[in-house]
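Q: Sequence plus predicted model, see below.
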Amino acid sequence: MEAGGDAAAPAPGDAQDLEDTQDLEGTQFPSEETGDGGVLSGPLDPGDGELEETGPKAEDEPPSRLSPLPQPEVPSSTCEHWNSAASDSSPIHGPESGCGGQGGDPSDEDWRNQRKHVFVLSEAGKPIYSRYGSVEALSATMGVMTALVSFVQTAGDNIRAIYAEDHKLVFLQQGPLLLVAMSRTPQSAAQLRGELLAVHAQIVSTLTRASVARIFAHKQNYDLRRLLAGSERTLDRLLDNVERDPGALLLGAVRCVPLARPLRDALGTLLRRCTAPGLALSVLAVGGRLITAAQERNVLAECRLDPADLQLLLDWVGAPAFAAGEAWAPVCLPRFNPDGFFYAYVARLDSMPVCLLLLGTHREAFHAMAACRRLVEDGMRSLGALRALGEAANFSSSQEASAPAYSVQAVGAPGLRHFLYKPLDIPDHHRQLPQFTSPELEAPYNREEERQRLSDLYHRLHARLHSTSRPLRLIYHVAEKETLLAWVTSKFELYTCLSPLVTKAGAILVVTKLLRWVKKEEDRLFIRCPPKYSTPPASSADQAPHNGLFTGL
Amino acid sequence: MRRPDAKVVLLGGASVGKTSLLRRYTERRFPDSVSTVGGAFYLKPWRSLHLSLWDTAGREQFHGLGSMYCRGAAAVILTYDVTHPQSLVELEDRFLGLTDSASKDCLFAIVGNKVDLMEQGREGNGGPHACPRSREVLREDAVALYKKILRYRMLDEKDMPPAEQMCFETSAKTGYNVDLLFETVFDMVVPMVLQHKAEEPVETVDITSQKPPKHTRSGCCT
């Protein structure tokens, strides 16, 4: 594995790879067309799930190292092997100084003490991303991972996870990319896999799966970092969010801004009214939370927008790059169509943190979208919505930059510290927009390590509730510094964090109170009736069974 | 919103300071840099005109949209980093081709940013964290590129502003030459726009007065 294998100057063909990626322009259903670049479009590549036979060559790994290899999914003692392999590699890197303050050298104490590492590498073992440290310093470590994967592959099998004492290693192969999580958090392998999938989706959203595949088919040892430069921060933020605010990824749901229903409905109507040619989806968001969204039925309804795609967009528009000016950028929705780009118009409205995202299929439609934005802005001004949003969402008091939130005090249940609530009894036609609500994290969860502890507890409970072998419905868990109660029914999925002194009967009381409060507030907490462009005016909206955003089958 | 009268595009490799130059000019400050996603649009009133300014991402992943941002541009500001010779080479290799979609009499400015780093290197007093760097790109190299661009665009040097006037060295950090750069370019764009307007009055169709009649299809009962 030589690191300097690729030329410094970009080959002209590389940029072309991106340009060729299939546009969605004029495509009603993404599965219909083949892009002009000969791109595979629509349904999954037949070869996607399979492992490619052109395996990486682990030539600088002596075969003896591979001998203590474990069987997949079998707890073993690979940890020592891992560690020794990692420290073996240290002399190679020389004076490489790590980025982001982390040494990055596998022998570096700080680096080794991280609770969780996430790596992305190419099939040829070329490092692409590491959460901590500099990827340059990790080539040897990544070589070991490639070796593990290809060793199991030659036996006609797939390595999924390695359990070693308190460490879990989870492997996920996605086309020519290999993603690895190495964790000693209480997250289950399934949860870690979910996180790796989100990392992969993030990469696909900037490059598309088709161009990643084409790039590596063209040149196996291509350095993908060149194309991902600048996106590492987005990946870092994604992974940090799992530790700080795990709701979205854990529950597979988006969080809405609490808002009075008439105002939310009025905003939905406004979005539906302001259209532009090729516009497929309009989203109003603030601080990564959804205010409302509306979609064009012809473009999206048949294929439905996946909540993971919506969450990806919500995270994406929160990037600092969108703080000024009106942005126009390509973005791919990996669940909707991993091989094509949409074009996104992103702007902050009226110098508020409220963000408007207009997603369309026309590459050159910037000015039409900008005009559409002005309509939305004018409409919001005449509704008094921006001021109302400012008040309702209570921007200033929150610690997160401009994240609107409410206090757990609002519930009026003493002893309740925090909760995550995901309704499951939403009307049938809204099933495609899973939502959840949770209050602001307040003391004692305002410090990093406290948040991490709470996130760990939520992950632990979630893993128990959703265990494939022995799922549970109700868990009462007395932890060292708090008591937790997790409960899943046909109507909701709920995680509560209570004071450590609460009794079992007291906990039941608190949860009953909370459920009553959620019921009372549900119109404010959740989007009950997501709007759509092509539906008739709102009067009969409630009755129309096909009226929902993300209509399911 | 008024339709912008002319378009000015900032092009150049990643982290050469395009966004920082623009923010220094518009906000008079040098904030922490962020990596631009796609392109960002700003509307700038200038004299009697409204100019649109496109701040583009230098990252390779957004290369595909480059020609779209440049379409019909009246001026292109090609930016490089004076401490990074590769960034000047990239202007020719990666970015010049994108300007094919620009207006045919498009103006070019070549800007070497980050001269503050260079000066620190010269004084040998770069502060605690700034690593003093030596001058890596000579102004003559930029001038040579400018002439090459004119040849590439098949423009006569005599008809275009001289290289000395269109090659700048700036510092977004200190603000050195930043106003000069933008104002020079804007001032050159104004007469171009006015001239275009004078030359082609016929081609400007006022669509507000020529709405296609909507009832043409009313004969078809669907």
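A: Yep, it's here.

Q: neighbours of the residue nearest to A:Leu270 when sequence neighbours are not counted, just the number please.
A: In space, and not counting its chain neighbours, A:Leu270 is closest to A:Gly379: 4.3 Å by Cβ to Cβ, 6 or more residues apart in numbering or on different chains. Yep, even glycine has a C-beta here, placed from its N, CA and C like the rest. Residues lying near A:Gly379 (other Cβ atoms under 10 Å in any protein chain shown) number 17.

Q: Then A:Leu465?
A: 17.

Q: so it touches A:His477, yeah?
A: No: taking contacts as Cβ atoms under 8 Å, A:Leu465 lies outside contact range of A:His477: 11.0 Å.

Q: what residues do those two have in common as contacts?
A: Taking Cβ atoms under 8 Å, 6 or more residues apart in numbering or on different chains as the criterion, A:Leu465 and A:His477 both touch A:Ala486.

Q: Around chain B, pick out the residues from the stretch 101-250 of chain A.
A: A:206-207, A:226-231, A:233 (Cβ under 8 Å from any Cβ of the partner chain).

Q: so can I have JSON lines of those showing secondary structure and neighbour count?
A: Formatted as JSON lines, those follow (DSSP: H, G, I helix; E, B strand; the rest coil; neighbours: other Cβ atoms under 10 Å in any protein chain shown):
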{"residue": "A:Thr206", "secondary structure": "helix", "neighbour count": "25"}
{"residue": "A:Leu207", "secondary structure": "helix", "neighbour count": "24"}
{"residue": "A:Arg226", "secondary structure": "helix", "neighbour count": "15"}
{"residue": "A:Leu227", "secondary structure": "helix", "neighbour count": "26"}
{"residue": "A:Leu228", "secondary structure": "helix", "neighbour count": "22"}
{"residue": "A:Ala229", "secondary structure": "coil", "neighbour count": "15"}
{"residue": "A:Gly230", "secondary structure": "coil", "neighbour count": "22"}
{"residue": "A:Ser231", "secondary structure": "coil", "neighbour count": "21"}
{"residue": "A:Arg233", "secondary structure": "helix", "neighbour count": "14"}
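
Q: Just name the closest of the residues you listed to chain B, please.
A: Nearest to chain B, judged by Cβ to the nearest Cβ, of those is A:Gly230 at 3.6 Å.

Q: Can you say which helix or strand has the residue of chain A found nearest chain B in it?
A: Minimum separation of chain A from chain B (Cβ to the nearest Cβ) falls at A:Ala329, amounting to 2.3 Å. Following DSSP states H and E, one finds A:Ala329 within strand A:326-331.

Q: Toward the C-terminus, what is the element adjacent to that strand?
A: Next element after strand A:326-331 (DSSP H and E): strand A:340-348.

Q: B:Val189 touches B:Val8, doesn't it?
A: Yes: judged on Cβ under 8 Å, B:Val189 makes contact with B:Val8 at a distance of 6.6 Å.

Q: contacting residues for B:Ser103?
A: B:72-74.

Q: nearest to chain A, of the residues you listed?
A: Distances from chain A to the contacts of B:Ser103, taken by Cβ to the nearest Cβ, are shortest for B:Gly72, at 10.8 Å.

Q: So the residue lying closest to the closest one once chain neighbours are set aside versus chain A, what's the distance?
A: In this structure, B:Gly72 finds its nearest non-sequential neighbour in B:Ser103, 5.4 Å apart by Cβ to Cβ, 6+ apart. Separation of B:Ser103 from chain A (Cβ to the nearest Cβ, to the nearest Å): 16 Å.

Q: Can you get me the start-to-end distance on stretch B:79-94?
A: Stretch B:79-94 stretches 12 Å from its first residue to its last (Cα to Cα, to the nearest Å).
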